[in-house]
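Q: Need a 3D model of the sequence below.
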Amino acid sequence: MAFAKDFVWGAASSAYQTEGSPRADGGGESIWDVFCRRPGAVADGFDGSAATDAYRRYEEDIACAAQMGLGAYRFSVSWARVDPYGDGRWNGEGFAFYLRMLQACRAAGLEPYVTLYHWELPQALEDAGGGRSRETARAFARYAAEAARRFSGLAENYITLNEPECTVKLGHGTGVHAPGLRLPEARQLLVLHHQLLAHGLAAAAIRETCPGVRVGIAATGRLCWPGTDSPADVEAARSATFATPDSDWAFTYQMVLDPVCFGHYPENCGPGLRRMTAALPAEDLAVIHIRPDFIGLNIYNGHAVCAGTGKRPVYVPRPRGCAVTALKWPVTPLVMNWGVRFLWQRYGRPIYITENGQSCNDRIFLDGRVHDPDRIDFLHRYLLALRAAAEGGADVRGYFHWALTDNFEWSEGYRERFGLVYIDYVTGARIPKDSAAWYAETVRANGENL
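A: Next up, the predicted model:
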C-alpha cells in the first residue's frame, strides 16, 4: 500500500542557508550575520554572505525541483531582508524578491510552503531584547500579517516558526547558534514562551489577513521507538518520548506542541520546570492556543527504549559500530514509524515531515557526477518507515526532503552536504546527485517503488 494519492512530495531550504547577499537591495542585518563574525563561532570562519547565491540563482534551484517532479517547495523568508529594523519600515525590494520566488514556484508547478521564521531575527530586534522581549512577538505578528497580505493569492500554506526548540537550546542555552547566549533555565523558558506567543499572534494575524490559508508550525525534539513490539515496550517508548524532566525539557516536541494544541504546558514536568511554567503569564496561553491546520515534524534520528523494572523506560545502548551519517548522527529509520505514530496519537493534527535527510561526504566523481548511495539508502529506509506510520493510521500528508540543495549548515559552515543537488561553491554550478534521480522516481511512483 502506497501513500495517499494526494500525498505532497517536496524539498526544503531556508533563507540564510541558501540566499547569500543578505544586505543586498536594502536588506537588514540578522543575528546570524553578527554571530558568524565571532571568532570560532562557525567552522573554518565562514558565514552566509555567499551561501549558494540563491538570491540570484533561485530559478535554477526551482528548476531542479521541478525536474524531479516535486509538487511543493518549502522555503523561508528572511525577516531581516523584508523588515530590516524589525519595526515595520518594510523593504519593498526584499518583498519583491519573494514575490518572484513565489511566482517562479507557481510557474513550475510547485506549491509554496512559506516558513516565516527560520532563525533570521533582525539584529535590531535582538539589540532591543530579542527573544527575551514580548515586543519581539508583537513585531513578528506585524511582519507575518504584512507577508500574508503581500503574498495573497500566491501562498496558501504558512509555517510560522521552524524548530523553536533549537532556537532556545542552541541559541540561548549552549550558545552554539545565534545569538550565542548562555542563559539560565528560567530565561531560556521565557524565550520559548515568547516564541510561542509569536506563533499565536502571527497565526491569528495571517488568518485574519488571508482567510482560508493554512497555518502550521514545525517542531523537533526527542523521539523514541520500542525495542520490541511488546505493549510494555511500546508504552515505555511513548513515555520516554514525552518525558519532560528538569534536566532535559528544551529539546522536546511537547514543550512546543502542548501549548499550541492543548493550551497548556506539559503536565508531566519535573518540579523545577513546573514552577517555572507556573510563573509565566497564564493569559498568554489563550493566545498561544490557536490550533494549527497541520504540524511539521523535523525528524532525523532517535532512540530505542525498552520497559525496565516497574515498566520504567530504559534506553537501549546503541550497538558498537552503528550506522552514522557524515555528521555522525545515528541512522535510526524506525523512529520515522513510531515517532510519527506517537505524535499523531497525541495531537491528532495532519502531519507533514518538514525536514528529513542526511549529510554525506559528497564530491564530484571523475565521471562528472555525484554518487551518493548512502543518502539513497537512508531515504529508502526512512520512507519505508514513514509509509508504515501512515498504514498504522497516522494522518501523514507530505514529506519534504532536507535539503533541496547543499547549503550553509549553520555552525558547521560548508562542511556538511544535505542536498539532493550538489553545489559547487567555486563555480556555483548545480549538479543533481544520484539521490535526486532516485527521489524523482519515488515521487513519480508515489512511493510504490519502495
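
Q: can you give me the strands in the stretch 51-200 of the chain?
A: For the stretch 51-200 of the chain, strands defined by DSSP state E, counting those that start in this stretch occupy the ranges 72-76, 111-117, 157-162.

Q: Ignoring the adjacent residues along the chain, who's closest to residue 373?
A: residue 434 (7.1 Å; CB to CB, 6 or more residues apart in numbering). C-betas here are computed from N, CA, C, even on glycine.

Q: before we move on, what about residue 323?
A: residue 331 (4.1 Å).

Q: can you give me phi and psi for the one you found?
A: phi -100, psi 110 (degrees, to the nearest 10).

Q: and it, how many neighbours?
A: Applying other CB atoms under 10 Å, we find 17 residues neighbouring residue 331.

Q: separation between the residue nearest to residue 373 and residue 445?
A: For residue 434, the distance to residue 445 (CB to CB, to the nearest Å) stands at 17 Å.

Q: Have a look at the two and say which one is more surrounded.
A: Shown here are residue 434 and residue 445; by other CB under 10 Å, residue 434 has more neighbours (17 against 12).

Q: give me every residue that touches that one.
A: By CB atoms under 8 Å, 6 or more residues apart in numbering, residue 434 lies in contact with 369-373, 376.

Q: and which of the residues you listed is nearest to residue 243?
A: residue 376 (34.2 Å; CB to CB).

Q: Where does that closest one sit, in terms of helix or strand?
A: helix 373-391 (DSSP states H and E).

Q: Would you indicate which residues of that helix are buried?
A: Within helix 373-391, the residues scored as buried using 16 or more other CB atoms under 10 Å are 374-383, 385-390.

Q: centroid residue for the protein?
A: residue 162 (4.5 Å; CA atoms, centre = their mean).

Q: That one and residue 127, how far apart?
A: From residue 162 to residue 127 the distance is 22 Å (CB to CB).

Q: for residue 324, same thing?
A: 39 Å.

Q: and what of residue 312?
A: Going from residue 312 to residue 127 by CB to CB gives 47 Å.

Q: Could you check which of these two has the larger neighbour count?
A: Ranked by neighbour count (other CB under 10 Å), residue 312 and residue 127 place residue 127 first, with 14 against 11.

Q: Show me the shaky parts of the protein.
A: 1 (pLDDT under 70).

Q: ok, longest helix in it?
A: The residue-count maximum for a helix in the chain (DSSP state H) belongs to helix 185-209.

Q: Which strands or helices does it pack on?
A: helix 134-151, strand 157-162, helix 164-172, strand 214-219, helix 254-262, helix 271-278, helix 284-288 (3 or more CB pairs under 8 Å, 6 or more residues apart in numbering; DSSP states H and E).

Q: try 10 Å
A: If contacts are counted by 3 or more CB pairs under 10 Å, 6 or more residues apart in numbering; DSSP states H and E, helix 185-209 sits against strand 111-117, helix 134-151, strand 157-162, helix 164-172, strand 214-219, helix 254-262, helix 271-278, helix 284-288.

Q: May I see those organised as CSV, with distance to residue 187 added?
A: CSV is the format used below for those (distance: least, CB to CB, whole Å):
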stretch, distance to residue 187
strand 111-117, 20
helix 134-151, 14
strand 157-162, 19
helix 164-172, 7
strand 214-219, 21
helix 254-262, 15
helix 271-278, 10
helix 284-288, 16
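
Q: Tell me who's in contact with the nearest residue to residue 381 once chain neighbours are set aside.
A: Excluding its sequence neighbours, the residue lying closest to residue 381 (CB to CB, 6+ apart) is residue 333, at 3.8 Å. Going by CB atoms under 10 Å, 6 or more residues apart in numbering, residue 333 touches 225, 301-302, 323, 377-386, 388.

Q: what's the answer for residue 203, then?
A: By CB under 10 Å, 6+ apart, the neighbours of residue 203 are 141, 144, 158, 160, 215-217, 260, 287-288, 290-293.

Q: out of these, which are buried?
A: Of these, these count as buried by 16+ other CB under 10 Å: 141, 144, 158, 160, 215-217, 260, 287-288, 290, 292-293.

Q: need the contact list for residue 27.
A: Residue 27 neighbours (CB under 10 Å, 6+ apart): 19, 21, 33, 55, 78, 80-84, 91, 93-94, 97, 120, 122.

Q: switch to 6 Å and redo it
A: 81, 94 (CB atoms under 6 Å, 6 or more residues apart in numbering).

Q: How much space separates it from residue 19?
A: Where residue 19 is concerned, residue 27 sits at a distance of 9 Å (CB to CB).

Q: Tell me how far the spatially closest residue to residue 291 that is not a sequence neighbour lies from residue 285.
A: Distance criterion CB to CB, 6+ apart; nearest residue to residue 291, sequence neighbours excluded, is residue 261 at 6.2 Å. Distance, residue 261 to residue 285, by CB to CB: 12 Å.

Q: So which residues of the stretch 351-450 of the chain form helices?
A: 373-391, 434-444 (DSSP state H, counting those that start in this stretch).

Q: can the ones you listed go into a markdown table with extra columns for distance to residue 195?
A: Putting the helices of the stretch 351-450 of the chain into a markdown table (distance: least, CB to CB, whole Å) gives the following:
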| stretch | distance to residue 195 |
| --- | --- |
| helix 373-391 | 27 |
| helix 434-444 | 32 |
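
Q: Of all those, which one comes closest to residue 269?
A: helix 373-391 (27.4 Å).

Q: I'd like to check the angle between the closest one and helix 434-444, please.
A: 20 degrees (axes from the mean of the first three to the mean of the last three CA atoms, to 10 degrees).

Q: Give me the contact list for helix 373-391.
A: 1, 333-334, 336-337, 340-341, 356, 358, 360, 396, 435, 438, 447, 450.

Q: now for these, which pair is the farthest apart?
A: Most distant of the contacts of helix 373-391, by CB to CB, are 1 and 360, 29.9 Å apart.

Q: What's the local residue count around the closest residue to residue 410 other than its chain neighbours?
A: Nearest non-adjacent residue to residue 410, counting by CB to CB, 6+ apart: residue 177, 6.1 Å away. Residue 177 has 22 neighbours, counted by other CB under 10 Å.

Q: Equivalent analysis for residue 320, please.
A: So residue 320, with other CB under 10 Å, has 5 neighbours.

Q: likewise the one 3 residues further on?
A: Neighbour count of residue 323, defined by other CB under 10 Å: 16.

Q: Distance of it relative to residue 381?
A: 10 Å.

Q: and what of residue 224?
A: Following CB to CB, the distance that separates residue 224 from residue 381 is 17 Å.

Q: How about residue 317?
A: 21 Å.

Q: same question, residue 325
A: 12 Å.

Q: Next: residue 179.
A: Taken as CB to CB, the span from residue 179 to residue 381 is 36 Å.

Q: same thing with residue 401?
A: 14 Å.

Q: same check, this time on residue 140
A: From residue 140 over to residue 381 (counting by CB to CB), the distance is 37 Å.

Q: so residue 158 touches residue 217, yeah?
A: No - with contacts counted by CB atoms under 6 Å, residue 158 stays clear of residue 217, the gap being 9.5 Å.
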